[in-house]
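Visitor: Here's my sequence, what's the structure:
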Amino acid sequence: MSTDSMPSDELVSLYRTMCVIRTYEDRLAEIYTEGKTPLFSIAAGPVPGEMHLAAGQEPVAAGVIVHLRSDDVITAPHRPHHFAIAKGVDLKRMTAEIFGKKTGLSQGKGGHMHLFDPQTHFSCSGIVGAGFPPAVGAAFAFKRQGEDRVAVAFAGEGAANQGTFHESLNLAASWHVPVVFVIEDNHYAISVPKERSTAVAKNSDRASAYGIPGVYVSGNDVLAIAEAAEKAIARARQGHGPSLLEIETTRLYGHFQGDAEAYLAAGEKDEWRHLDPVPRFRDYLLHSGRMTPDKDQMLQAEARALVDEAIAFARESPDPDPADAFTDVFANA
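Guide: Below you'll find the predicted structure:
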C-alpha cells in the first residue's frame, strides 16, 4: 500500500466498508439468478431488470467517500451500489428498491440503476455520463450560497468520452466550483477496451485542457486513492475549484450479470482476481499489525449479518400497489 499515515481505526473502517460492499455484491450475484434458469428471462426472479455489480471496485468508493461529509453530494453511474453503501444509503431501503418493493427508496419504481436518497444526498442514473451536469449544478449552488459543501461525480472511463463530461469540466473550471470528477478506469466500456475507444491513455490528462489538476491513480490501491481524493476534496472545499481523478480498478463480474465476457483475453480475469483489492488490503492490515485476525472475522461476520438483514427485509416487503403506478412519476396530463 502507498501510505500508512492514517490512524488504524480509520484504516479498519475503510476495510469494513469494502467488506460490506463485497458481501453485498456477491449475494446479489447469487440472488439475481433465482428464477432465471434454465431459460434466462430478465424479468424473472426476485430481482427483475439488468444488474451491474461493482465487486473489485470497492477501493474507489471507500477511498474517495471517506473524505466526504454527510451533506456533500454524490452522483453515481449505472454501477452504483458501492458508492451508495460508502455514502451511507440505508441498505434495507436500497435493497428493497432493487427488489422492486414498496419499501424501497423510490417505492420500487426505480430499480438498481435509479437509486435516489435525499437524506444522504445520493443519486445515480442509468444514462451514461448523466451525473456530470447535476454535480456541477450542485457545486454551483454551494458556491452561490457560500457553503463549503462539495459535489463528487463518479463515472466509468467510457463516460469520459461523452459530451456531458467535457461540457461539465469546462463549465466547472470556468465557474470555479467545488466539484471533483472521479473516473473509474476498469479497462472496458461494456466490451470495448479503453485503448480502442479513447484517444488518450489517461483521461486525467484531459484536465489540463480545462486548467484544472488531473491525477491518475493506478493499482486499485485504496490508500493511494484516499490520498489523492483527500487533496482533491480539500481543494474543492477550500474554494480552489474542481479536480479530475482517474482511478484504475477492475470489475470482477461482467459488465452486467449474464455477460459472457467473450471479449476478455484468456487468463485476464484470473489476473484480476489474483490482485483482488479486498484480500490485499486485509493482508496489509494484518501484516502491519493494524488489525487482528479476530477483528477481521468480526467485521466479516458483521458484513454478512448486515447484508442478510437487508435482503430479508426486501424479500418480506410488500410489492407496490398497481394503483400507485402513476404516483410520483412524470405523466401527461
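Visitor: all strands for the stretch 101-250 of the chain, in order.
Guide: In the stretch 101-250 of the chain, the segments counted as strands under DSSP state E, counting those that start in this stretch are 116-117, 122-124, 151-156, 179-185, 188-189, 192-193, 214-217, 243-248.
Visitor: partner strands of the second one, parallel or antiparallel?
Guide: Right, strand 122-124. Neighbouring strands of strand 122-124 in its sheet, by DSSP bridges, are strand 73-76 (parallel), strand 116-117 (antiparallel).
Visitor: pLDDT on that strand, on average?
Guide: In this model, strand 122-124 has an average pLDDT of 98.
Visitor: Show me the helices in the stretch 101-250 of the chain, by range?
Guide: Using DSSP state H, counting those that start in this stretch, the helices of the stretch 101-250 of the chain run over 132-144, 163-175, 194-197, 222-237.
Visitor: who's in contact with stretch 270-282?
Guide: Residues from elsewhere that reach stretch 270-282 (Cβ atoms under 8 Å, 6 or more residues apart in numbering): 1, 14-15, 18-19, 22, 56, 58-59, 220-222, 249-250, 252, 291, 296. The C-beta positions use only the backbone N, C-alpha and C, and glycine is treated the same way.
Visitor: Can you list the low-confidence ranges for the chain?
Guide: 1-4, 331-333 (pLDDT under 70).
Visitor: what about the residue nearest to the spatial centre of it, which helix or strand?
Guide: The residue lying closest to the centre of the chain (Cα atoms, centre = their mean) is Phe83, at 3.4 Å. Phe83 belongs to helix 81-87 when assigned by DSSP states H and E.
Visitor: Tell me the helices and strands packed up against the helix or strand just after that helix.
Guide: Downstream of helix 81-87, the next assigned helix or strand under DSSP H and E is helix 91-98. If you count contacts as 3 or more Cβ pairs under 8 Å, 6 or more residues apart in numbering; DSSP states H and E, helix 91-98 packs onto helix 8-32, helix 81-87, helix 293-316.
Visitor: CA atoms only: put the last one into PDB for me.
Guide: Once non-C-alpha atoms are left out, helix 293-316 reads as follows in PDB (Å, rounded to 0.1, in the frame of the first residue of the first chain):
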ATOM      1  CA  PRO A 293      -7.400 -11.800  12.900                       C
ATOM      2  CA  ASP A 294     -10.200 -11.700  15.400                       C
ATOM      3  CA  LYS A 295     -11.200  -8.200  14.300                       C
ATOM      4  CA  ASP A 296     -11.200  -9.300  10.700                       C
ATOM      5  CA  GLN A 297     -13.500 -12.200  11.500                       C
ATOM      6  CA  MET A 298     -15.800 -10.000  13.500                       C
ATOM      7  CA  LEU A 299     -16.000  -7.400  10.600                       C
ATOM      8  CA  GLN A 300     -16.800 -10.100   8.000                       C
ATOM      9  CA  ALA A 301     -19.500 -11.600  10.300                       C
ATOM     10  CA  GLU A 302     -21.000  -8.100  10.800                       C
ATOM     11  CA  ALA A 303     -21.000  -7.600   7.000                       C
ATOM     12  CA  ARG A 304     -22.800 -10.800   6.400                       C
ATOM     13  CA  ALA A 305     -25.400 -10.100   9.100                       C
ATOM     14  CA  LEU A 306     -26.000  -6.600   7.700                       C
ATOM     15  CA  VAL A 307     -26.500  -7.900   4.200                       C
ATOM     16  CA  ASP A 308     -28.600 -10.800   5.400                       C
ATOM     17  CA  GLU A 309     -30.900  -8.400   7.300                       C
ATOM     18  CA  ALA A 310     -31.300  -6.100   4.300                       C
ATOM     19  CA  ILE A 311     -32.100  -9.000   1.900                       C
ATOM     20  CA  ALA A 312     -34.600 -10.500   4.400                       C
ATOM     21  CA  PHE A 313     -36.300  -7.000   4.700                       C
ATOM     22  CA  ALA A 314     -36.500  -6.800   0.900                       C
ATOM     23  CA  ARG A 315     -37.900 -10.300   0.400                       C
ATOM     24  CA  GLU A 316     -40.500  -9.800   3.100                       C
END
